[in-house]
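A.B. asks: Next come a sequence and a model predicted from it.
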Amino acid sequence: MNTLREVSRDLRANRTRAVLSGTAMFLAVAAIIAIMTAGSVANDVFVAQEEQANGRAVTMLVNLPAPDGTSMRLTAVQTALNSRLSAHAVSYAITAALDGRAGSQDIERHGGVLPHMQLIGVAGRLDQVRRLPTVQGRWLFSDTRAYPPEAVLNEAAAADLGSAGQSVSVQAAWHGTSHPTTIVGVVADGSTTPTLYLSLLSVLAVDASALDGLAGPVILAHRANTAEGAIRQMLSDALHDIGSDPSNTAIIRADHVDELQNRLRHVQAGFLLAALVSLLVAVIGLINIGLASVRERSRELVVRRAIGATPSRLFAVVLMSAVAIAVVACSVAVATAFTVVKTLVPHGLSAASAVQAPAFPWSAAAVGLAAAVIGAAVSAAYPAAVAARVDVALALRD
């Protein structure tokens, strides 16, 4: 208890040293958290682009045979997928590239021809398979035969056709007729090509031949933290249920998230190295501050020795003062960083961004706190040893 009181008095008596040491440690821990948070955001930027385009990790893909153009066939496929995939918490989507046109209703009113546009028919939950942030409105009710049909636009299409709540003319098949379609949402899919996402069931309800002559639809299946083999087997069982031979159908990995993250590990190692360098610089600074403080306080330490302070007590006071400064500075750094990460960083991300607000890096904060305390103790150990070995006679003579 006496030692703790001496530590408290020591810190109050040497406020400038305490502030300088605390500031160095605060900046070191804040830098570690900032660097690791930046690394997390940088990692998610690349992962988000991949998951927007090809699917979240882990997403498997299989091409179905060319369709016969009826909604009955699509319903049978969905029934098999619901039984084999949805029942095991696997999200799936069926997508088909349509050969059609879309444009403002004013074009047809004035006798014009709708321009060709990329149309993708969807069944299931593509928004759960791919990372598709909603900018406006909502995603499709893609498993219903809504009329008028619904459409979700990407940002490039929304710039040409309008926003949620407006209507456009869609001709789902090149040889078919157009029909009014209600825009129910806008998503950020990462593509600069204007694209409309339509419910396959609604498209087939309006034009049963919309898929005739086109390539077969694609099934995408996703469940996080699942082995590829498990999803592959579920898809194989579903193919068997609809009468397709799984042995003649390739089931492949659609996303490349794992490969991307393997390449990004080198970048993350660079961020970690930068964090460690910042901590090392802080520790070196603390050693210098500690040695300078011991030199300045030599007379004070001599007086303490003269009135009965033992070398071990002087060592403990100097060491515990440094550790106390580190604990306080690190606590303030963690609290400040938490506030910034949870309040300011999310506001810096637009609603259209597929990059998710980073979680607070508690592991980095814990490592930074532990490393800072250990660093403070190590950096104070030598000055503390010097203080404990102060020669009373020599110091008095000086």
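C.D. replies: Everything's here; your move.
A.B. asks: neighbouring contacts of the helix or strand containing residue 220?
C.D. replies: With secondary structure defined by DSSP states H and E, residue 220 is part of strand 218-222. For strand 218-222, contacts defined as C-beta atoms under 8 Å, 6 or more residues apart in numbering pick out 55-56, 58-64, 77, 81, 85, 90-96, 126, 128-130, 231, 234-235, 238, 254. Glycine gets a C-beta too; all of them are placed from N, C-alpha and C.
A.B. asks: among those residues, which are in strands?
C.D. replies: Taking DSSP state E as the definition of strands, those contribute 59-63, 91-96.
A.B. asks: Can you add distance to residue 185, pLDDT and neighbour count and give the residues you listed back as a markdown table?
C.D. replies: Formatted as a markdown table, those follow (distance: C-beta to C-beta, whole Å; pLDDT from 0 to 100; neighbours: other C-beta atoms under 10 Å):
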| residue | distance to residue 185 | pLDDT | neighbour count |
| --- | --- | --- | --- |
| 59 | 22 | 96 | 25 |
| 60 | 26 | 96 | 26 |
| 61 | 24 | 96 | 19 |
| 62 | 27 | 94 | 22 |
| 63 | 27 | 89 | 14 |
| 91 | 18 | 95 | 21 |
| 92 | 20 | 96 | 28 |
| 93 | 16 | 95 | 24 |
| 94 | 19 | 94 | 20 |
| 95 | 17 | 94 | 20 |
| 96 | 19 | 92 | 23 |
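A.B. asks: Please identify which of those is nearest to residue 325.
C.D. replies: residue 59 (50.1 Å; C-beta to C-beta).
A.B. asks: The closest one reaches residue 128, doesn't it?
C.D. replies: No. In this structure, residue 59 is not within contact of residue 128 by C-beta atoms under 8 Å, at 10.3 Å.
A.B. asks: hey, where'd the strands end up in the protein?
C.D. replies: Going by DSSP E, the chain shows strands at 59-63, 91-98, 101-103, 118-124, 134-137, 150-154, 167-171, 179-187, 195-199, 218-222, 251-253.
A.B. asks: chain center to the third one: distance?
C.D. replies: With C-alpha atoms, centre = their mean, to the nearest Å as the basis, the distance from the averaged C-alpha position of strand 101-103 to the chain average is 35 Å.
A.B. asks: likewise the first one?
C.D. replies: Between the mean C-alpha location of strand 59-63 and the chain-wide mean there is a distance of 24 Å, by C-alpha atoms, centre = their mean.
A.B. asks: Give the pairing partners of it; include direction for each.
C.D. replies: Strand 59-63 sits in its sheet next to strand 218-222 (antiparallel), strand 251-253 (antiparallel), going by DSSP bridges.
A.B. asks: Which one of those strands lies nearest to residue 316?
C.D. replies: Per C-beta to C-beta, nearest to residue 316 of the strands paired with strand 59-63: strand 218-222, 58.0 Å.
A.B. asks: Quick one: work out the angle between the closest one and strand 91-98.
C.D. replies: If you take axes from the mean of the first three to the mean of the last three C-alpha atoms, to 10 degrees, strand 218-222 sits at 160 degrees to strand 91-98.
A.B. asks: how much space between residue 245 and residue 98?
C.D. replies: 27 Å (C-beta to C-beta, to the nearest Å).
A.B. asks: Please read the previous query as pertaining to residue 50.
C.D. replies: If you measure residue 50 against residue 98 using C-beta to C-beta, the figure is 25 Å.
A.B. asks: Same drill for these two, tell me which one is more crowded.
C.D. replies: residue 98 (26 against 21; other C-beta atoms under 10 Å).
A.B. asks: dump the residue contacts of the more buried one.
C.D. replies: Contacts of residue 98 (C-beta under 8 Å, 6+ apart): 119-121, 172-173, 198, 203, 210-211, 214.
A.B. asks: With residue 33 instead?
C.D. replies: 333-334, 337, 341, 361, 364-365, 368.
A.B. asks: need those in a markdown table with distance to residue 314, pLDDT and neighbour count, can you?
C.D. replies: A markdown table is the format used below for these (distance: C-beta to C-beta, whole Å; pLDDT from 0 to 100; neighbours: other C-beta under 10 Å):
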| residue | distance to residue 314 | pLDDT | neighbour count |
| --- | --- | --- | --- |
| 333 | 29 | 87 | 25 |
| 334 | 31 | 88 | 21 |
| 337 | 35 | 87 | 23 |
| 341 | 41 | 83 | 21 |
| 361 | 38 | 82 | 21 |
| 364 | 35 | 77 | 23 |
| 365 | 33 | 82 | 23 |
| 368 | 29 | 77 | 28 |
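A.B. asks: Just put these in TSV and tack on distance to residue 103.
C.D. replies: Below are the contacts of residue 33 laid out as TSV (distance: C-beta to C-beta, whole Å):
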residue	distance to residue 103
333	56
334	55
337	50
341	44
361	48
364	51
365	53
368	56
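A.B. asks: ok, those vs residue 109, which is closest?
C.D. replies: Closest approach to residue 109 among the contacts of residue 33 (C-beta to C-beta): residue 341, at 51.9 Å.
A.B. asks: Which residue is the nearest non-sequential neighbour of that closest one?
C.D. replies: residue 360 (4.9 Å; C-beta to C-beta, 6 or more residues apart in numbering).
A.B. asks: is it true that the one you found touches residue 336?
C.D. replies: No. Assessed by C-beta under 8 Å, residue 360 is found out of contact with residue 336, at 11.8 Å.
A.B. asks: Pick out whichever of those two has more residues nearby.
C.D. replies: Each of residue 360 and residue 336 has its neighbours counted (other C-beta under 10 Å); residue 360 has more, 19 against 14.
A.B. asks: Domain parsing of this structure, as residue ranges.
C.D. replies: For the chain, automatic domain parsing gives the domain ranges 2-52+259-397, 55-255.
A.B. asks: Among those domains, show the one with the smallest mean pLDDT.
C.D. replies: Here the lowest mean pLDDT among the domains of the chain goes to domain 2-52+259-397, at a mean of 74.
A.B. asks: So what's the gap between it and the chain middle?
C.D. replies: Its chain's C-alpha centre and that of domain 2-52+259-397 lie 27 Å apart, by C-alpha atoms, centre = their mean.
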